[in-house]
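In: Here is my input; please provide its structure:
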Amino acid sequence: MDKRWANALYCMIMCHFAMVITVISPLLIEITRAYSLSMAQAGWIFTLNFLGFVIFVFTGGLVADHFGKKTAILASLAGFSISLALVLFTPNYRVFCILIFFIGGFGGIIEAVVSSAVSELNDKNATFYQNLVHSFFGVGALVGPVTAGVLVTAGMDWRVCFLILGVLGALLTGAFLLTKLPNRPSENGFSAASFMELVRDPAFMVICLCIFLYTGAEVGSWGWMSLFLKQNLGFSLTRASVAVGVFWIAITVGRFACGQLTLRFKPSSIIITLAFSAFAVTLSSLFIKSEILTWMQIVLMGLSFSSLWPLIVGYGGEHRKTSSSTVFSLLVGCGGIGATAIPFLMGLAGSATDARIPMLIPSVSLLLVGVFFTVLIRKKNAGAAA
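Out: From the prediction side, this is the model:
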């Protein structure tokens, strides 16, 4: 097995996964127009996508533990690609929602099992490689929205964007099939006993709560960004897509930078600093009206969000001293629940109040991440001292 090629392939898979889930934001304007949706109805797209994510992610853990990680990733890549391609033929909103559910579901398996596989492959420096692979999530999250915005502005049907992503997924599926990787069942996999052991661990539950809050805040922030900028600052589809791209450029730069910082500082210290910074920057979106300041705020938001997800997930894996699919399924599943609930609440808030008010929800979520992690680390240090 070529370890470098395996890591590179995992990076490409994560990049593709990011392109898929972030492309919804710039296409949301076209989707709402095509199906005559209200803001609250549009929120169901995110909700169904991440509902599928949550439901499937635990199934993925079972498949990975019983049949091997390669089998789980290969099956989910194939289902992911087929679901994406079928969007081209959707006759109505109901069928589109069904496909969005399955896209989210297969994507959940991909993210959870790839994260687990990366830590297992690079057990000597798992946090660094976890952050590296998710840096390529940032690359995909930049390429996807910007490319989709340009293509739709040029006159391409938004459904074709999903077809292109399906073809790319099929190519990755073929490459992964031909790659030699360990595919043995896990000896400490997803079981009732291991699940209950994790649930009874208060510190691990706090980590799960933090990933719930952060993922919801992140998805809510970039998911609604295009519509938010269009309604509040009159951005065109192209400019709104570029804004989402700038956000992900900042996240990508931040992740590469934080990857180096993890070699010098404790991941917990970086998490706390980023969480409180993200809270302050996100809160500022409620008051900023200048376009120049808005662009600055988008950059700072991306930098402060950057490595929170991979560092929290990596910290959870290190806390349990295992990289089994049980741990990663729970962590990624909690993140999926947050990504389902918080954007939906933002949609309800946007329908009932001023369009800026929904950004208060991710702001508070990020504040809580900082507070909870600070308390968690203080208790851990106090226990170590005693």
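In: use CA for all of it now, contacts and neighbours both
Out: Fine.
In: Okay, R264 and G370: tell me how far apart.
Out: Here R264 is placed at a distance of 21 Å from G370 (Cα to Cα, to the nearest Å).
In: Over to I207?
Out: When distance is defined by Cα to Cα, I207 is 11 Å away from G370.
In: One more: M196?
Out: Noted for M196: a distance of 26 Å to G370, by Cα to Cα.
In: ok, now Y10?
Out: Distance, Y10 to G370, using Cα to Cα: 30 Å.
In: Also F137?
Out: On the measure of Cα to Cα, F137 and G370 end up 23 Å apart.
In: quick one: which of those two has more around it?
Out: More crowded of F137 and G370, by other Cα atoms under 10 Å: F137, with 25 against 22.
In: residues contacting the more buried one?
Out: Residues counted as contacts of F137 (Cα atoms under 8 Å, 6 or more residues apart in numbering) are 11, 14-19, 252.
In: Go again with 6 Å.
Out: Contacts for F137 were tallied using Cα atoms under 6 Å, 6 or more residues apart in numbering; they are 14-15, 18.
In: May I ask which helix or strand encompasses it?
Out: Assigned by DSSP states H and E, F137 belongs to helix 126-153.
In: list the buried ones in the helix or strand following that helix?
Out: Towards the C-terminus, the helix or strand next in line after helix 126-153, according to DSSP H and E, is helix 158-178. Buried residues in helix 158-178, counted by 16 or more other Cα atoms under 10 Å: 158-163, 165-166, 169-170, 172-173, 176.
In: ok, now stretch 140-155?
Out: Buried, per 16+ other Cα under 10 Å, within stretch 140-155: 140-152.
In: again with stretch 2-13
Out: In stretch 2-13, counting by 16+ other Cα under 10 Å, buried: 6-7, 9-13.
In: Stretch 256-269 too?
Out: Within stretch 256-269, the residues that count as buried by 16+ other Cα under 10 Å are 256-259, 262, 267-268.
In: remind me which residues of the chain are low pLDDT?
Out: Applying pLDDT under 70 to the chain flags the ranges 1, 39-40, 185-194, 320-325, 353-355, 384-386.
In: ok, which stretches of it are strands?
Out: Using DSSP state E, the chain contains no strands.
In: Need the contact partners of stretch 158-171.
Out: Stretch 158-171 is contacted from outside by 81, 84-85, 88, 152, using Cα under 6 Å, 6+ apart.
In: Can I get that stretch in CSV, CA atoms only?
Out: Output in CSV follows, covering the C-alpha atoms of stretch 158-171 (Å, rounded to 0.1, in the frame of the first residue of the first chain):
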residue,chain,number,x,y,z
TRP,A,158,-28.5,24.3,-12.2
ARG,A,159,-29.3,20.6,-12.4
VAL,A,160,-26.3,20.0,-14.7
CYS,A,161,-24.0,21.1,-11.9
PHE,A,162,-25.1,18.1,-9.9
LEU,A,163,-24.6,15.8,-13.0
ILE,A,164,-21.0,17.1,-13.3
LEU,A,165,-20.4,16.3,-9.6
GLY,A,166,-21.9,12.9,-10.1
VAL,A,167,-19.4,12.2,-12.9
LEU,A,168,-16.5,13.3,-10.8
GLY,A,169,-17.7,11.1,-8.0
ALA,A,170,-17.8,8.1,-10.4
LEU,A,171,-14.2,8.7,-11.3
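In: distance between it and the chain's centre?
Out: Chain-centre distance of stretch 158-171: 19 Å, with Cα atoms, centre = their mean, to the nearest Å.
In: same thing with stretch 68-86?
Out: 18 Å.
In: Just give me the neighbour total for I109.
Out: Here the number of neighbours of I109 (other Cα under 10 Å) works out to 32.
In: wait, what's in contact with it?
Out: By Cα under 6 Å, 6+ apart, the contact list for I109 reads 57, 60.
In: Check which residues of stretch 300-318 are buried.
Out: Buried residues in stretch 300-318, counted by 16+ other Cα under 10 Å: 300-317.
In: can you list contacts of it?
Out: Contacts of stretch 300-318 with the rest of the structure, by Cα under 6 Å, 6+ apart, involve 127, 131, 247, 250-251, 254-255, 271, 274, 277-278, 281, 323.
In: And that stretch, end to end?
Out: Counting by Cα to Cα, you get 29 Å between the two ends of stretch 300-318.
In: how far is that stretch from where the chain is centred?
Out: Relative to the centre of its chain, stretch 300-318 is centred 11 Å away, using Cα atoms, centre = their mean.
In: The chain should start at 806 in everything you say after this.
Out: All set: I'll call the first residue 806, so the last point we hit is now stretch 1105-1123.
In: K1094: what's its closest spatial neighbour, skipping adjacent residues?
Out: Spatial nearest neighbour of K1094, chain neighbours left out: L1038 (7.6 Å); criterion: Cα to Cα, 6 or more residues apart in numbering.
In: neighbours around the one you found, how many?
Out: For L1038, the neighbour count with other Cα under 10 Å is 14.
In: Check R989 too.
Out: For R989, the tally of surrounding residues (other Cα under 10 Å) stands at 14.
In: now do P987
Out: 13.
In: Quick check: phi and psi on it?
Out: phi -60, psi 140 (degrees, to the nearest 10).
In: Give the burial count for the closest residue to it other than its chain neighbours, as a bare number.
Out: The shortest distance from P987 to any non-neighbouring residue, by Cα to Cα, 6+ apart, is to K875 (7.2 Å). Neighbour count of K875, defined by other Cα under 10 Å: 23.
In: Would you confirm that K875 contacts K985?
Out: No - with contact defined as Cα atoms under 6 Å, K875 does not count as touching K985 (9.2 Å).
In: Break down the stretch 956-1105 of the chain into its helices, ranges please.
Out: For the stretch 956-1105 of the chain, the helices defined by DSSP state H, counting those that start in this stretch occupy 963-983, 997-1004, 1007-1028, 1030-1038, 1042-1066, 1072-1089, 1096-1110.
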